[in-house]
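**Student:** Here's a sequence, model it:
(2 chains)
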Amino acid sequence: AQSVTQLGSHVSVSEGALVLLRCNYSSSVPPYLFWYVQYPNQGLQLLLKYTSAATLVKGINGFEAEFKKSETSFHLTKPSAHMSDAAEYFCAVKAQGAQKLVFGQGTRLTINP
Amino acid sequence: SAVISQKPSRDICQRGTSLTIQCQVDSQVTMMFWYRQQPGQSLTLIATANQGSEATYESGFVIDKFPISRPNLTFSTLTVSNMSPEDSSIYLCSVPGRGNTEAFFGQGTRLTVV
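**Tutor:** Below is the predicted model:
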């Protein structure tokens, strides 16, 4: 069975600072991993995905994530935060061949001016 | 990516009534998924809807409470039956991407039961 743990339900950074959102996964088989973003009063938008190709994945809006098998991690980073990055971020895992996505608890990112 | 339209986008309903949420996709898909996002929480899969067969429900969700229809490959409905305030949530429709890796989501239906 797959599971995802996001460390920190709320992260606050200053505008221009590094954004780091942590995600650790548990999977009995090689997984697919995803980061989604949910802006206020909107649905989920795919930021990036890892599907067993390059371990460093670049996504939209300047975000990237690195798959580290030894650490079972898939942390999301952005070098310089922007006010528009304020949102809820969800890490998700899916086993290859499976249909269901399993989501983490979410991390609310706040950007301070 | 798929374009997914959900209706209604939000609603306030009286307890004991039912609400049917519609999900329309701009391309044919074999599977459609319905998720619930309770206030301040993550997404939980309610059921998987396949065209031409009964939906498959996850543990904790039953057909009598959340009946689903899937009349064709681009459309599905989820009904929240006999609502109580505990059903106040965002309900999201989702479809798999090409190659069945990522999933795409509709904008969600924000339901408040009073």
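
**Student:** show me where chain B has strands.
**Tutor:** B:4-7, B:10-13, B:19-25, B:31-37, B:43-50, B:56-57, B:68-72, B:75-80, B:89-96, B:103-105, B:109-113 (DSSP state E).

**Student:** Format these as CSV; extra columns: mean pLDDT and distance to A:Val37.
**Tutor:** (Each C-beta comes from the backbone N, C-alpha and C, glycine too.) Output for the strands of chain B, formatted as CSV (pLDDT from 0 to 100; distance: least, CB to CB, whole Å):
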stretch, mean pLDDT, distance to A:Val37
strand B:4-7, 95, 16
strand B:10-13, 97, 20
strand B:19-25, 97, 21
strand B:31-37, 95, 14
strand B:43-50, 94, 13
strand B:56-57, 95, 28
strand B:68-72, 94, 27
strand B:75-80, 97, 24
strand B:89-96, 95, 14
strand B:103-105, 91, 11
strand B:109-113, 96, 18
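
**Student:** Output these as TSV; include the columns distance to chain A and mean neighbour count.
**Tutor:** Formatted as TSV, the strands of chain B follow (distance: least, CB to the nearest CB, whole Å; neighbours: other CB atoms under 10 Å in any protein chain shown):
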stretch	distance to chain A	mean neighbour count
strand B:4-7	8	17
strand B:10-13	9	13
strand B:19-25	11	19
strand B:31-37	6	23
strand B:43-50	5	21
strand B:56-57	9	16
strand B:68-72	15	15
strand B:75-80	15	21
strand B:89-96	6	23
strand B:103-105	4	22
strand B:109-113	8	19
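
**Student:** who does the residue positioned nearest the centre of chain B bridge with?
**Tutor:** Nearest to the geometric centre of chain B sits B:Trp34, at 3.4 Å (CA atoms, centre = their mean). Going by DSSP bridges, B:Trp34 is paired in beta bridges with B:Ala47, B:Cys93.

**Student:** wait, isn't it in contact with B:Ser89?
**Tutor:** No - B:Trp34 lies out of contact with B:Ser89 (CB atoms under 8 Å); the separation is 11.3 Å.

**Student:** what residues are up against the residue nearest to the centre of chain B?
**Tutor:** B:23, B:45-47, B:49, B:66, B:68, B:76, B:78, B:91-94 (CB atoms under 8 Å, 6 or more residues apart in numbering or on different chains).

**Student:** give me that answer again for 6 Å
**Tutor:** Contacts here follow CB atoms under 6 Å, 6 or more residues apart in numbering or on different chains; on that basis B:Trp34 touches B:46-47, B:78.

**Student:** where along chain A do the strands fall?
**Tutor:** Counting by DSSP E, the strands of chain A are A:3-7, A:10-14, A:19-26, A:31-38, A:44-50, A:56-58, A:64-68, A:73-78, A:87-95, A:102-103, A:107-112.
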